[in-house]
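*Asks:* here are the coordinates; sequence isn't available:
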């Protein structure tokens, strides 16, 4: 009796007749392996670090600048009178100057927070954040260059902004942000 004689095969030894054969044993489970995540290009990390250092520094200075007129207006007045004694001779009041300082500091605070948020989202591989950071860095570079004749120190943040744009525009960075 067997497969060629037309009779059903006999059950394996140890099983009563009429029961199906035992299933084949399962293969051992494979160890879990994470899906490969592409590493961030060095240019993207460089742009992130530049942004965090420069925007973080400007944010800290802007917070101090915003706090100064509110917490110690007399100190601000004294410093301004020492550095530019004729500043208030042209009809400019201390209150106008105080409001201007607060307005600039507030604008810088918002600008820095937006730049830091965009940098964070760019590190999370959001292409819209990369493009937004390119735009904000380009405007920062132009804004710094406007003041370069009065304050040569702004060449440092201008160079950092140009470097950020350059890093984010590099081919490997654009490929990393593009959908796979």
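*Replies:* Good, I have the coordinates. Fair warning: this is a prediction, and the values are worked out from it, not measured in the lab. Residues are numbered from 1 along each chain as shown.
*Asks:* got a list of contacts for the worst-scoring helix or strand of the chain on mean pLDDT?
*Replies:* Lowest mean confidence among the helices and strands of the chain (mean pLDDT, DSSP states H and E): helix 73-83, at a mean of 85. Residues from elsewhere that reach helix 73-83 (Cβ atoms under 8 Å, 6 or more residues apart in numbering): 68-69, 87-88, 94, 97-98, 101. Where you see a C-beta, it was placed from the backbone N, CA and C, and this is true even at glycine.
*Asks:* Residue 84: neighbour count?
*Replies:* Residue 84: 10 surrounding residues under other Cβ atoms under 10 Å.
*Asks:* Spit out the contact partners of it.
*Replies:* Taking Cβ under 8 Å, 6+ apart as the definition, residue 84 has no contacts.
*Asks:* If I look at it, what pLDDT would I see?
*Replies:* pLDDT recorded at residue 84 is 82.
*Asks:* Backbone dihedrals for it, please?
*Replies:* Backbone torsions for residue 84, taken as degrees, to the nearest 10, come to phi -140, psi 80.
*Asks:* just to revisit the earlier point, would you mind listing the two of the contacts of helix 73-83 that lie farthest apart?
*Replies:* 68 and 88 (17.4 Å; Cβ to Cβ).
*Asks:* and the least confident helix or strand of the chain, how far from the chain's centre?
*Replies:* The chain centre lies 37 Å from the centre of helix 73-83; the measure is Cα atoms, centre = their mean, to the nearest Å.
*Asks:* Name the residues of that helix that are buried.
*Replies:* residue 76 (16 or more other Cβ atoms under 10 Å).
*Asks:* Equivalent analysis for stretch 114-121, please.
*Replies:* Buried-residue list, stretch 114-121, by 16+ other Cβ under 10 Å: 115-116, 118-119, 121.
*Asks:* quick one: which of the contacts of helix 73-83 sit in helices?
*Replies:* Residues of the contacts of helix 73-83 located in helices (DSSP state H): 68-69, 94, 97-98, 101.
*Asks:* Now tabulate those in CSV and tack on pLDDT and neighbour count.
*Replies:* Formatted as CSV, these follow (pLDDT from 0 to 100; neighbours: other Cβ atoms under 10 Å):
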residue, pLDDT, neighbour count
68, 86, 17
69, 83, 20
94, 84, 16
97, 86, 17
98, 87, 16
101, 88, 17
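*Asks:* Can you tell me which of those is closest to residue 32?
*Replies:* Among the ones in helices among the contacts of helix 73-83, and counting by Cβ to Cβ, the member closest to residue 32 is residue 68, at 55.4 Å.
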